[in-house]
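1. the following comprises the amino acid sequence and a computationally predicted model.
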Amino acid sequence: MAFSSVQAPFVNPVVPFSGTIQGGLQDGLQITVNGTALHACGTRFAVNFQTGFSDNDIAFHFNPRFEEGGYVVCNTKQKGRWGPEERKMSMPLQMGIPFEIRFLVQSSGFQVTVNGNFFTNYVHRVPFHRVDNISVTGAVGLTHISFQPPSYWQSIAVPITQTVIHTVQSTPGQMFPNPAIPPPAYPSPSYPIPFFTSIPGGLYPSKSITITGIVPSYAQRFHINLRSGNDIAFHLNPRFDENAVVRNTQISNSWGPEERSLNRSMPFARGQGFLVWIMCEGHCLKVSVDGQHLFDYYHRLKNLPAINNLEVGGDVQLTLVQP
């Protein structure tokens, strides 16, 4: 299955950051960057999709600037030379407020979505398959960079409104319309709560599941369930009213013994984002939160392929589900 080769996320990467995109860019691959623009570190940051670890060849430079009312510069650098800028004269981000930027690779260009809203299309100037690295620089703190494979996006894509961009020469302030109309944009999926989805192929050793989200300030508890028919093979239940992370299995509507012990403090917090990474092994599930191993949960239901549905409910806002 295509889902089994999902690249692991980069968690809490230190800026400036540079990381390899395994297999390079592909049509339909989406890369999600979560972080916060920082007040004290400057007025700009950039996300670069580039060839190698050098910044001489950048296929797509996405550069929010909190200056002059705020705007975003997009550009391409080839052999150390910048091309004409494309400026979006609006700012979808706020200093100090967590953001989510999704970059969807399409055959014609990059589609950029910010906090769930379509922002811009950037038409390819160089072949995107040359890109094998993502770098982030400037006044920003990152929580994670995650990857979603092409097969998921190609199965849900539907066209929405087109948007016209403007091209700017290197002379500041000189703007003129780009005669090329960008291709149709595609919306990011919404995650209603409770959220249900299938796990293609069910569980098997080496299968991984990624869930990112935000815990609202009023949260009492939420849950992530891996289900097998009417049974819950794995129940992950952060409880803020008890300051605990409860794990359990429900068979024939009957709960088994709870597991609560942790090797570190409660990793979830009200008002904060999180990344849950569940890795299936032959004897257990290994669960990490924000890049740190939290616990092992030994399988109580042994028919792993039959564990083929994912459910998320309670006090939580989802930003990405990668089953």
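-> Looks like it arrived, so ask away.
2. mind listing the strands for the stretch 51-200 of the chain?
-> Assigned by DSSP state E, counting those that start in this stretch, the stretch 51-200 of the chain shows strands spanning 58-65, 71-78, 81-82, 85-88, 98-105, 109-114, 117-123, 133-138, 140-148, 166-168, 175-177, 195-198.
3. wait, which of these is closest to P216?
-> strand 98-105 (12.5 Å; C-beta to C-beta). Yep, even glycine has a C-beta here, placed from its N, CA and C like the rest.
4. coming back round to it: for Q26, which of the strands of the stretch 51-200 of the chain is the nearest?
-> Proximity to Q26 (C-beta to C-beta) singles out strand 98-105 among these, at 6.6 Å.
5. before we move on, the earlier item: quick one: which of the strands of the stretch 51-200 of the chain is nearest Q322?
-> Among those, strand 140-148 comes nearest to Q322, with 5.6 Å by C-beta to C-beta.
6. how about residues contacting that closest one?
-> For strand 140-148, contacts defined as C-beta atoms under 8 Å, 6 or more residues apart in numbering pick out 6-7, 9-13, 15, 17, 19, 21-22, 29-38, 41, 45, 98, 134, 136, 210, 212, 273, 275, 290-291, 320, 322.
7. narrow those residues to just the buried residues.
-> By the neighbour-count criterion of 16 or more other C-beta atoms under 10 Å, the contacts of strand 140-148 include these buried positions: 6-7, 9-11, 13, 15, 17, 21, 29-37, 45, 98, 134, 136, 210, 212, 273, 275, 290, 320, 322.
8. what would the strands of the stretch 51-200 of the chain look like in TSV with mean pLDDT and distance to M279?
-> Listed next are the strands of the stretch 51-200 of the chain as TSV, based on pLDDT from 0 to 100; distance: least, C-beta to C-beta, whole Å:
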stretch	mean pLDDT	distance to M279
strand 58-65	97	31
strand 71-78	96	36
strand 81-82	95	41
strand 85-88	94	38
strand 98-105	91	23
strand 109-114	92	28
strand 117-123	91	32
strand 133-138	96	23
strand 140-148	89	15
strand 166-168	35	45
strand 175-177	29	49
strand 195-198	92	18
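9. wait, isn't N34 in contact with G273?
-> Yes: between N34 and G273 a contact is recorded at 6.2 Å, counting by C-beta atoms under 8 Å.
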